[in-house]
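# attaching a predicted model along with its sequence, questions to come.
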Amino acid sequence: MTSMTLGQSQKLRDAVRGLMPLAEDIFNKVRAASQDDVGVTRAAWSIQDQAAADILLAAARNHGLTTRQDAIGNTYATLNGMNETAPGILTGSHLDSVAKGGNFDGLAGAVAGVIALAAMKKAGLQPGCKLSAMGTRCEESVWFGIAYIGARLAVGDMGRAAFDALMRLDSGQTISAHMSELGIVADDIWHHDHVEITAANTKAFLELHIEQGPLLVEQNVPLGIATAVRGNLRFGDGICFGAYQHSAATPRRLRQDTVLAVTELLQRLEILWHDIEDNVDPSAVFTVGKIFTDPSHHALTKVPGECHFSLNFGSTEQSSQDRFEAAIADLTAEIGARRRVRFVMGAPVGSSPTPLNPTLRSSLVQSAERLDIPCTEFATVGHDASIFARAGIPAAVLLVRNNDGSHNPDEKMAMADFEQGVQVLAATMIELSNTKNNAEVI
């Protein structure tokens, strides 16, 4: 890998710093275009996420980058390289948000890519290969029930039948109908050459994203490099059926209490989680996001005869997910028989863990070290990068410290931290562009 000279590195750093007002301007304009009564809402293929796309592309064009929008609605801002036939490097993240969410989830990565490329141009640096900053559509699963749709379509990881079946959950309209409102013709996606991004034409995908948990804040470190994307095992609507009985007239031996049965299940699953996390897999996480009885039947004086709940287990290790799934089957059978209740879990959904490219991770760490920017490494949650990794494209995720979590209006990414993230991203991309071949990345 060919390194920048000290002078080139300093020019790039100065250029990134000088473009921070542009970054703030983009964030502010997109926030104004998607402001909700609380937070921001950029639904997938809506006028709000299209506004974000247009604002981003206009800023890129104004700073000398070539821009376009593909048949899907994904955006690209490109800085040409010395070797135009060589596989290019992509960076970016998503333009949509959850309803009434924060302004930085996804958008920070899309903006970072444009700023990084504009800084290279400003610093007079031409990369070895083409570099593109991408804004993907519909990463959030809240809009159509599945995540990463823009990225999936870009790499050819979705068939026409599955696409046509997608309905936006808030409107009940098809994905094609929402695209049509923006002038995007769904049929154009399905031409024989609709696959935009392949392992043959893309050397690497780097995604900057705000951290969505508290680890960087806890450790007082501005940046993190993700080791892997957690997979997950999810039961969205588990139900325990028992019997509604008089609370004062029914002794314990005759009760069919669903709440106590579910409570025991959760307690024993938590014990298993602790064992997995403490002994074999520190990436393991377990969440019970929903638990409730039926308000039309429950009462202070009734033994609860029905209880609904959800289970969500995540890990970077498939063996941990398999162990947890087996335990759920065993425990529901055992507790159900002993307490005389019946668990109906439904089919699980989820995803497999996705390892991130060790060479790219090392490149990000080395760039941070050269720039004297503290960073740490840990597993992350689902991001578009996982789709590119599954398509055979080396991928990595750079996380930026963010107070108060994400998917809420209180995201608080400091611009100083964002600048450091862009510094590392830009330096890594220019270095990677000068690798002789893909083998140096892989």
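Alright, I've got the coordinates.

# any low-confidence regions in the stretch 151-300 of the chain?
Residues of the stretch 151-300 of the chain that meet the criterion pLDDT under 70 lie in 192-193.

# mind listing the strands for it?
Counting by DSSP state E, counting those that start in this stretch, the stretch 151-300 of the chain has strands at residues 202-210, 223-229, 231-241, 245-246, 285-287, 291-293.

# out of those, deepest packed?
strand 202-210 (a mean of 28; mean count of other Cβ atoms under 10 Å). Yep, even glycine has a C-beta here, placed from its N, CA and C like the rest.

# direction included, what does that strand pair against?
strand 88-94 (parallel), strand 395-400 (parallel) (DSSP bridges).

# show the backbone phi and psi for the residue nearest in space to the middle of the chain.
The residue lying closest to the centre of the chain (Cα atoms, centre = their mean) is His383, at 2.5 Å. In terms of degrees, to the nearest 10, the main-chain angles of His383 are phi -140, psi 160.

# who's in contact with it?
By Cβ atoms under 8 Å, 6 or more residues apart in numbering, the residues touching His383 are 93, 139, 207, 209, 226, 229, 397.

# ok, now which ones touch the last one?
Applying Cβ under 8 Å, 6+ apart, we find Val397 in contact with 206-209, 225-226, 229, 356, 380, 383, 385.

# pull the most distant pair out of these.
Greatest spatial distance among these (Cβ to Cβ): Leu208 and Val229, at 14.7 Å.

# I'd like to know which of the contacts of Val397 is nearest to Ala147.
Checking those against Ala147 by Cβ to Cβ gives His383 as the nearest, at 9.3 Å.

# any idea how far that closest one is from Thr198?
Look at His383 and Thr198: by Cβ to Cβ, to the nearest Å, they are 20 Å apart.

# any idea how this protein splits into domains?
Domain ranges of the chain: 6-230+353-440, 231-351, per automatic domain parsing.

# distance between the last one and the chain's centre?
Right, the one you point to is domain 231-351. 27 Å (Cα atoms, centre = their mean, to the nearest Å).

# span of that domain from start to end?
Using Cα to Cα, to the nearest Å, the end-to-end distance of domain 231-351 comes to 5 Å.

# quick one on the thing from earlier: any idea which of the domains of the chain is most buried?
domain 6-230+353-440 (a mean of 20).

# look up how far Ala162 lies from the nearest residue in space to Met158 that is not next to it in sequence.
Spatially, and ignoring its direct neighbours in sequence, Met158 is nearest to Arg152 (4.5 Å; Cβ to Cβ, 6 or more residues apart in numbering). Using Cβ to Cβ, Arg152 is found at 9 Å from Ala162.

# do Ser406 as well
Applying Cβ to Cβ, the value for Ser406 to Ala162 is 28 Å.

# between the contacts of His383, which is nearest Glu317?
Looking across those and measuring by Cβ to Cβ, the closest to Glu317 is Val229, at 12.2 Å.

# show the contacting residues for that closest one.
Val229 neighbours (Cβ under 8 Å, 6+ apart): 316, 353-354, 356, 379-383, 385-386, 389, 397.

# just name the closest of those to Thr67, please.
Ala385 (22.1 Å).

# and Asn103, what is it in contact with?
For Asn103, the contact set (Cβ under 8 Å, 6+ apart) comprises 27, 30-31, 34, 39-40, 97, 411.

# so which of the residues you listed belong to helices?
Counted as lying in helices by DSSP state H, out of those, are 27, 30-31.

# look up how far Leu12 lies from the closest residue in space to Ser3 that isn't next to it in sequence.
Computed as Cβ to Cβ, 6+ apart, the closest residue to Ser3 that is not its neighbour in sequence is Glu431, at 6.5 Å. Distance, Glu431 to Leu12, using Cβ to Cβ: 11 Å.

# who touches both of these two?
Common contacts of Glu431 and Leu12, defined by Cβ under 8 Å, 6+ apart, comprise Met4.

# and the helices in the stretch 151-300 of the chain?
160-164, 175-181, 186-189, 215-219, 258-279 (DSSP state H, counting those that start in this stretch).

# which residues are contacting the fourth one?
Think helix 215-219. With contacts defined as Cβ under 8 Å, 6+ apart, helix 215-219 is touched by 222-224, 376, 378, 399-403.

# ok, so of these, who is nearest Ile276?
For the contacts of helix 215-219, the nearest to Ile276 is Phe378 (16.5 Å; Cβ to Cβ).

# three-state assignment of that closest one?
Phe378 falls in the strand class when you classify it by DSSP: H, G, I helix; E, B strand; the rest coil.

# now stretch 63-74: average pLDDT?
Averaged over stretch 63-74, pLDDT sits at 96.

# what do you get for stretch 311-321?
96.

# same question, stretch 365-383
The average pLDDT within stretch 365-383 is 93.

# that one: how far from the chain's middle?
With Cα atoms, centre = their mean as the basis, stretch 365-383 stands 17 Å off its chain's centre.

# how close does the residue lying farthest from the centre of the chain get to Ala52?
The C-alpha centroid of the chain is most remote from Ala249, which lies 51.3 Å away (Cα atoms, centre = their mean). Going from Ala249 to Ala52 by Cβ to Cβ gives 61 Å.

# how about Val424?
Counting by Cβ to Cβ - Val424 and Ala52 are separated by 24 Å.

# now Leu265
Taken as Cβ to Cβ, the span from Leu265 to Ala52 is 43 Å.

# same deal with Val229?
Distance from Val229 to Ala52, by Cβ to Cβ: 24 Å.

# how about stretch 87-106 as CSV, C-alpha atoms only?
Output of stretch 87-106 as CSV, limited to C-alpha atoms (Å, rounded to 0.1, in the frame of the first residue of the first chain):
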residue,chain,number,x,y,z
PRO,A,87,-12.5,-1.7,-9.2
GLY,A,88,-13.7,1.3,-7.2
ILE,A,89,-14.2,2.0,-3.5
LEU,A,90,-17.5,2.9,-2.0
THR,A,91,-18.4,4.6,1.2
GLY,A,92,-21.8,5.8,2.5
SER,A,93,-24.9,5.0,4.5
HIS,A,94,-28.7,5.4,4.4
LEU,A,95,-30.9,8.5,3.8
ASP,A,96,-34.0,7.3,5.5
SER,A,97,-34.8,7.5,9.2
VAL,A,98,-37.2,5.9,11.6
ALA,A,99,-40.4,7.8,12.3
LYS,A,100,-39.6,10.7,14.7
GLY,A,101,-36.0,9.7,15.0
GLY,A,102,-32.7,11.5,15.0
ASN,A,103,-31.0,13.3,12.2
PHE,A,104,-27.6,11.5,12.3
ASP,A,105,-28.6,7.8,12.0
GLY,A,106,-27.6,6.9,8.5
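
# please consider this matter closed, and thank you.
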